[in-house]
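1. Pasting the sequence and the predicted coordinates here, then a few questions.
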Amino acid sequence: MKNKKDKINAASEPQKLKGISRRGIRVILAGAALAALGFFILTKTDPAGQNWASKLSPFLILGGYAVVGAGILLPEKKAAETQ
């Protein structure tokens, strides 16, 4: 009986969920800033879309989104346990 009770208690304990790491949050903020910069540069484009801003802004915006995605998946940095 005791083993059955221990199994039930172990199963009912909530599993530890991992969230976004601190390093991941920093990367996400950098990606958001990069995307915001891309949108700001997008305001400098000409109507024909032939200047430098028209060519650069899509790369900044999409790159910012990619950095945000990478920040979500980034694990916590392991501390050096052995010295």
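-> All right, it came through fine.
2. Can you give the distance from stretch 35-51 to the centre of its chain?
-> The chain centroid and the centroid of stretch 35-51 are separated by 24 Å, computed with CA atoms, centre = their mean, to the nearest Å.
3. Give me the below-cutoff pLDDT ranges for the protein.
-> Residue ranges of the chain with pLDDT under 70: 1-17, 79-83.
4. For the residue nearest to the spatial centre of the chain, what is the enclosing helix or strand?
-> Centroid-nearest residue in the chain, with CA atoms, centre = their mean: G71, separated by 2.3 Å. Here G71 sits within helix 52-73, counting by DSSP states H and E.
5. Quick check: the gap between D46 and A66.
-> To A66, D46 is 26 Å away according to CB to CB, to the nearest Å. To be clear about C-beta, it is placed using only N, CA and C from the backbone, and glycine gets the same treatment.
6. more neighbours, the two?
-> A66 (13 against 10; other CB atoms under 10 Å).
7. distance of the more buried one from L29?
-> 15 Å.
8. K55 too?
-> K55 is 26 Å from L29, by CB to CB.
9. try D46
-> Counting by CB to CB, the gap from D46 to L29 is 31 Å.
10. which stretches of the protein form helices?
-> 2-12, 22-42, 52-73 (DSSP state H).
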